[in-house]
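A.B. asks: sequence first, then the predicted structure, then my questions.
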Amino acid sequence: MGTAGSVVLRVLTEVERDRIREALEECADAARSEVILQLLDGKPPTEEKCRDEAEKDAQNQSVSWARKLGTEMHKVARECAQRRLGALRPGGFSLEPRYRFNPETRHWEFLSEETVRSLLSQGRSHELKGTIVPDIVIHTGDPLQALAIYDFKFPCVNPTQLPPWPLYPKGHAHAGQAQDIVYKKALKPQHGPTQIIPRLGATQ
């Protein structure tokens, strides 16, 4: 998670932000290149290829190449981010942290990986409904004290212009709302949220 240690970092300087942005941009670019090389022999996918079926999931549902490539690119980028941010900001970041709004306190709360695993093992997955999971939260050492938020986005075909932030899907507690708006309302980061897109870089 990147939260281990006793380091408490309550500010994020412009120099630090630049280094973090550059590291995450490099992670995104490398992830796209690596996955396309491994799965498509280095040939960038066409729009038609992106719509084609790549495989079946555990429920025998069709998985498109767009979804498969995006999933694999996220995995590679996450591993890269763990290494790079671990060197740049030890103790001051979390990868894929989960947050839940508590209606009793009217505040958002951080759910540790242990808590999430416990809820799932007890068959209480309904208690995760409405949670949000940004890819990367830069914080003070406390995941609830967000300094910056980043999300990796991997469009199947290289975009020529900045794509909008995606909306939460139908059935989600925040259905119809853009991810960045929900992140901002929930965590109130000092900077961002920011999308990290291969070739386009960091964009808000």
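C.D. replies: That came through fine. Numbers count the residues shown, from 1 in each chain.

A.B. asks: ok now whichever helix or strand Thr115 is part of, how far from the chain's centre?
C.D. replies: Secondary structure assignment for Thr115, by DSSP states H and E: helix 113-121. What separates the centre of helix 113-121 from the centre of its chain is 19 Å, taken as CA atoms, centre = their mean, to the nearest Å.

A.B. asks: so where do the strands sit in the chain?
C.D. replies: 53-56, 62-64, 93-95, 98-102, 107-111, 136-139, 146-152, 191-197, 201-203 (DSSP state E).

A.B. asks: how close does the residue nearest the centre of the chain get to Leu147?
C.D. replies: Centroid check for the chain by CA atoms, centre = their mean gives Asp135 as the closest residue, at 2.0 Å. Separation of Asp135 from Leu147 (CB to CB, to the nearest Å) stands at 15 Å. C-beta coordinates here come from the backbone N, C-alpha and C atoms, glycine included.

A.B. asks: ok, and for stretch 101-120, which residues are buried?
C.D. replies: Of all the residues in stretch 101-120, those buried under the rule 16 or more other CB atoms under 10 Å are 101, 108, 110-111, 116.

A.B. asks: the residue located most distally from the centre of the chain and Lys49, how far apart?
C.D. replies: When distances are taken from the C-alpha mean of the chain, Glu104 lies farthest, 27.5 Å away, according to CA atoms, centre = their mean. Per CB to CB, Glu104 is found 48 Å from Lys49.

A.B. asks: any idea how far Glu34 is from Pro103?
C.D. replies: Going from Glu34 to Pro103 by CB to CB gives 42 Å.

A.B. asks: picking up where we left off before, can you pull the pLDDT of the residue farthest from the centre of the chain?
C.D. replies: Glu104 carries a pLDDT value of 90.

A.B. asks: again, but for Leu88
C.D. replies: The confidence metric pLDDT takes the value 93 at Leu88.

A.B. asks: just checking, it touches Asp18?
C.D. replies: No. Contact criterion CB atoms under 8 Å: Leu88 and Asp18 do not qualify, at 10.7 Å.

A.B. asks: which one's more surrounded, the two?
C.D. replies: Neighbours were counted for Leu88 and for Asp18 using other CB atoms under 10 Å; Leu88 has more, 15 against 11.

A.B. asks: separation between Arg89 and Trp65?
C.D. replies: From Arg89 to Trp65 the distance is 34 Å (CB to CB).

A.B. asks: who's in contact with the closest residue to Tyr183 other than its chain neighbours?
C.D. replies: Nearest residue to Tyr183, sequence neighbours excluded (CB to CB, 6 or more residues apart in numbering): Pro193, at 4.5 Å. Going by CB atoms under 8 Å, 6 or more residues apart in numbering, Pro193 touches 134, 149-151, 165, 179-180, 183-184, 204.

A.B. asks: Trp108 too?
C.D. replies: Contacts of Trp108 (CB under 8 Å, 6+ apart): 99-102, 144, 186-187.

A.B. asks: for the closest residue to Arg100 other than its chain neighbours, give its distance to Ala77.
C.D. replies: Leaving aside its sequence neighbours, Arg100 sits nearest to Thr131 (CB to CB, 6+ apart; 4.7 Å). According to CB to CB, Thr131 stands 21 Å off from Ala77.

A.B. asks: which one of these two has more residues nearby?
C.D. replies: Neighbour count, other CB under 10 Å: between Thr131 and Ala77, Ala77 has more, with 26 against 18.
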